[in-house]
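Trainee: Sequence plus predicted model, see below.
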Amino acid sequence: MVGCVQDESPTVGSPGRRRRPTAPRELQLPSGRHGLPRRYVVANQRQRIVDALVHVVFAYGFQAASVERVSARAGVSRRTFYEQFESKEDAFAQATDAAAAQLLARVEAATAHGATASDQLREGLAALLDALAEQPQLAHLCIVAVLTAGPLAIERRDAQMRAFARLLDEIAARAAGSPLPPLTSEGIVGAIYDVVYKRIAAGRASELPGLLDDLHRFCALLVDRASDPRGDA
């Protein structure tokens, strides 16, 4: 998923126990004249802002993740923030868009390793669960915090879920010769989202890979039934 966010392991769901984010060091540019190309500086600042946003939203929640807090953690000025993004909401939407695109690409690539549709589904689910477990703060941003980040974030979240539903349709089509009935793939993706949401919101993202067998059986059963022309398999 997007960025190089390092997990500081604050406690999700209990703001009073979270540790205050500190300014990241690994991406900080040297002070003074450094002779680095402007394009590199801009990209570096943008990445630092995105990483800071992930940390601050995780620590304080979206509403309290002010531009001041994000800028301070990123080590940039408010002016630099607004040179990169129109608003906090815009930064959030762009961060989740990039993360979702990378996640979808990872899942799609994983499905290519399956010999059958069931195998492809399993490989895709494994890639999804592993990716979310690897970066719990970013997963929290995209799966949990997005629900409190306003209409733009919800709109982007819905579009991202539709993209995953289309991928599921493609897998089903390879197995049955046709896509799933309308709304079926969206319903399956919504069910996966609900399962994933509950673990991430509870600070248990590390448990996600262990859900693979159950999720695969659940999804494969629904896909098989929806793909059966008799409707009774």
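Mentor: Everything's here; your move.

Trainee: all helices for this protein, in order.
Mentor: For the chain, applying DSSP state H gives helices covering 38-60, 67-74, 78-84, 88-111, 117-134, 136-139, 151-176, 184-201, 212-227.

Trainee: where are the low-confidence patches of the protein?
Mentor: In the predicted model of the chain, residues 1-36, 175-177, 226-233 satisfy pLDDT under 70.

Trainee: how does it divide into domains?
Mentor: The chain breaks down by automatic domain parsing into domains covering 15-87, 89-227.

Trainee: Serialize the ones you listed to TSV and add fields for mean neighbour count.
Mentor: No exception for glycine: its C-beta is placed from N, CA and C like everyone else's. As requested, the domains of the chain are exported to TSV (neighbours: other C-beta atoms under 10 Å):
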stretch	mean neighbour count
domain 15-87	16
domain 89-227	18
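
Trainee: contacting residues around residue 167?
Mentor: The contact partners of residue 167, by C-beta atoms under 8 Å, 6 or more residues apart in numbering, come to 104, 107, 108, 111, 124.

Trainee: Among the residues you listed, which one sits closest to residue 41?
Mentor: Nearest to residue 41 among the contacts of residue 167 is residue 104, at 29.6 Å by C-beta to C-beta.

Trainee: so what's the closest one up against?
Mentor: 160, 163, 164, 167 are the contacts of residue 104 under C-beta under 8 Å, 6+ apart.

Trainee: ok, now with 6 Å
Mentor: By C-beta atoms under 6 Å, 6 or more residues apart in numbering, the residues touching residue 104 are residue 163.

Trainee: how much space between the residue most central in space within the chain and residue 172?
Mentor: The centroid of the chain falls nearest to residue 142 when counting by C-alpha atoms, centre = their mean (4.1 Å). Separation of residue 142 from residue 172 (C-beta to C-beta, to the nearest Å): 25 Å.

Trainee: same check, this time on residue 179
Mentor: When residue 179 is compared with residue 172 (using C-beta to C-beta), they lie 6 Å apart.

Trainee: same question, residue 119
Mentor: 13 Å.

Trainee: do the same with residue 128
Mentor: From residue 128 across to residue 172, the span is 17 Å (C-beta to C-beta).

Trainee: Then residue 101?
Mentor: Residue 101 sits 22 Å away from residue 172, taking C-beta to C-beta as the criterion.

Trainee: again, but for residue 130
Mentor: Using C-beta to C-beta, residue 130 is found at 23 Å from residue 172.

Trainee: do residue 92 as well
Mentor: In terms of C-beta to C-beta, residue 92 sits 32 Å off from residue 172.

Trainee: Then residue 203?
Mentor: Residue 203 sits 34 Å away from residue 172, taking C-beta to C-beta as the criterion.

Trainee: cool, residue 38 as well?
Mentor: Distance, residue 38 to residue 172, by C-beta to C-beta: 48 Å.

Trainee: Ok, residue 201 next?
Mentor: Taking C-beta to C-beta, one finds residue 201 at 29 Å from residue 172.

Trainee: All set now, cheers.
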